[in-house]
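Asker: Mind looking at a prediction? Sequence and model below.
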Amino acid sequence: MEHEHKYLEYLVVIERADDGSYSAYVPDLPGCVACGQDTPEQAKELIREAIDIHIQGMIEDGDPVPEPVSKAEYVSASA
């Protein structure tokens, strides 16, 4: 049975750790992470690969692939 390819766009959160490294995670795909990268660009590239691997594993296991539903907005606040 051939799987139909569907392109989904997931929200990726990239964070800087206290040690200066960067990590990324996908709120709509729990457990899908990339950690310990030197730059945000590296974290973005690795999380893209992690998303592909994560989704492929879900398909192979017969699990449903979650639709992307998370959104992000910046909100102004006084400091």
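Answerer: Received, thanks. None of these values were measured; they are calculated from a predicted model.

Asker: use CA for all of it now, contacts and neighbours both
Answerer: Noted.

Asker: what's the least confident helix or strand in this protein, going by average pLDDT?
Answerer: When each helix and strand of the chain is scored by mean pLDDT, DSSP states H and E, strand 33-37 comes last, with a mean of 93.

Asker: Sketch out the low-pLDDT regions of this protein for me.
Answerer: The chain contains residues with pLDDT under 70 at 1-5.

Asker: got the contact list for the spatially most central residue of it?
Answerer: The centre of the chain sits closest to Val26, judged by C-alpha atoms, centre = their mean, with a distance of 3.2 Å. Listed by C-alpha atoms under 8 Å, 6 or more residues apart in numbering, the contact partners of Val26 are Tyr10, Leu11, Val12, Val13, Cys32, Val33.

Asker: contacting residues around the last one?
Answerer: Think Val33. Applying C-alpha under 8 Å, 6+ apart, we find Val33 in contact with Ser23, Ala24, Tyr25, Val26, Ile47, Ala50.

Asker: what about the helices in the protein?
Answerer: 40-60 (DSSP state H).

Asker: export the contacts of Val33 to TSV and tack on distance to Pro64?
Answerer: TSV is the format used below for these (distance: C-alpha to C-alpha, whole Å):
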residue	distance to Pro64
Ser23	26
Ala24	22
Tyr25	19
Val26	16
Ile47	20
Ala50	17
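
Asker: out of those, who's nearest Glu73?
Answerer: Taking C-alpha to C-alpha as the measure, Glu73 lies nearest Val26 of the contacts of Val33, at 15.4 Å.
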